[in-house]
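Enquirer: Take a look and give me a structure for this.
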Amino acid sequence: MWYPSTSLGKDPPLASGDVQGRESGHASKVRWGIRFAVVAAVVWLTVACGTGGDTDESRYEGLAVPASQLRQVPDMAFTDTDGNDIHLAADTQGQVRLVYQMFTNCPDICGVQLAQLASVLNRPGAPTNVAVLAVTVDPDRDTPEVLRAYLDQFSEDFVGLIPSSEQQLTDLQNALGALASIKIFDTTTTGAHQMTSEGDASHEDMDDAHIDHGGTAGGMTAMDHGDVDYDIAHDARVFAYAPNGYGYAQYPHPTRQTQFDHDLPILAGIESDAPVEAGL
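Expert: Numbers count the residues shown, from 1 in each chain. Coordinates of the predicted model:
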């Protein structure tokens with residue numbers, strides 16, 4: 001199951017880290033679930049307010065990014081599942097880039113969104129210049145082989161990318177304007193763990209992240225947590241960048257397939273050398 005965080009009215013944290021799990025079991029899940037509708041409403045209201053009242057005029061059915069908040073595709077390179085360096089901008093020129101943070105131990109939301117993207121891109125008439133860039137937020141467990149096998153269940157064309165360090169993952173989240181990904185440990189089975197956050201993110205900072213209840217971390221050495229259970233709260237939006245490099249729309253869960261069907265041809269039709277106004 002996945003649940004949103006409970007903190008309301010705060011700006012998204014721009015750092016990643018680890019925190020102790022302070023609750024577990026049915027009571028904790030109920031507490032998360034009850035607040036889902038509230039958090040979702042706050043997120044949608046925040047987006048609407050950020051557009052300055054222009055949401056009705058948006059050409060996109062996903063969440064349109066206001067002109068004042070547009071970001072370019074991150075100028076970063078990651079290692080793919082074949083061991084090659086993939087530059088998010090330079091190696092995907094002329095394409096729509098759908099950047100999605102995920103992890104293979106995610107039991108529901110990641111698979112749902114990846115399956116939806118595969119279905120959308122396999123439809124007759126779907127644009128062909130679309131690249132799905134799936135970046136794992138769990139590089140300790142998601143080895144190249146594990147990540148590739150997972151993505152191939154949805155599409156062999158999906159590009160799996162692995163951050164080289166926690167800092168690189170943090171840098172990506174900062175560049176995307178994404179919420180921090182945070183490991184939350186199950187203290188009912190592992191006992192208390194030392195908090196090892198490298199940034200200023202905390203559990204209370206999460207506005208719209210999703211806690212994906214993963215499995216057991218076997219042989220985890222990079223973060224020195226040993227063989228422990230942990231979950232990952234992460235930003236589950238799909239960040240869409242047009243061929244000219246600007247991110248005009250975002251797609252949180254749940255997004256209807258018809259919204260992608262409507263928006264992707266618009267994004268794909270924007271020329272690589274088009275000015276920023278072309279996508280507004």
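Enquirer: and residue 125, what are its phi and psi?
Expert: Here is the backbone geometry of residue 125 (degrees, to the nearest 10): phi 90, psi 0.
Enquirer: how many neighbours does it have?
Expert: Neighbour count of residue 125, defined by other CB atoms under 10 Å: 7. For glycine as for every other residue, the C-beta is placed from the backbone atoms N, C-alpha and C.
Enquirer: Check the spacing between it and residue 172 real quick.
Expert: Note on residue 125: its distance to residue 172, by CB to CB, to the nearest Å, is 32 Å.
Enquirer: same thing with residue 92?
Expert: 15 Å.
Enquirer: Could you do residue 60 as well?
Expert: In terms of CB to CB, residue 60 sits 23 Å off from residue 172.
Enquirer: Next: residue 138.
Expert: 14 Å.
Enquirer: Residue 95 now?
Expert: Look at residue 95 and residue 172: by CB to CB, they are 18 Å apart.
Enquirer: helices or strands next to the strand or helix carrying residue 263 in the packing?
Expert: Element membership for residue 263, per DSSP states H and E: helix 257-268. In terms of contacts (3 or more CB pairs under 8 Å, 6 or more residues apart in numbering; DSSP states H and E), helix 257-268 is packed against strand 96-102, helix 109-121, strand 238-241, strand 249-251.
Enquirer: for the last one, what is the average pLDDT?
Expert: Right, strand 249-251. For strand 249-251, mean pLDDT is 98.
Enquirer: quick one: strands adjacent to that strand?
Expert: Sheet pairing here is set by DSSP bridges, and for strand 249-251 it gives strand 63-64 (antiparallel), strand 238-241 (antiparallel).
Enquirer: Next, residue 86: secondary structure please.
Expert: Residue 86 falls in the strand class when you classify it by DSSP: H, G, I helix; E, B strand; the rest coil.
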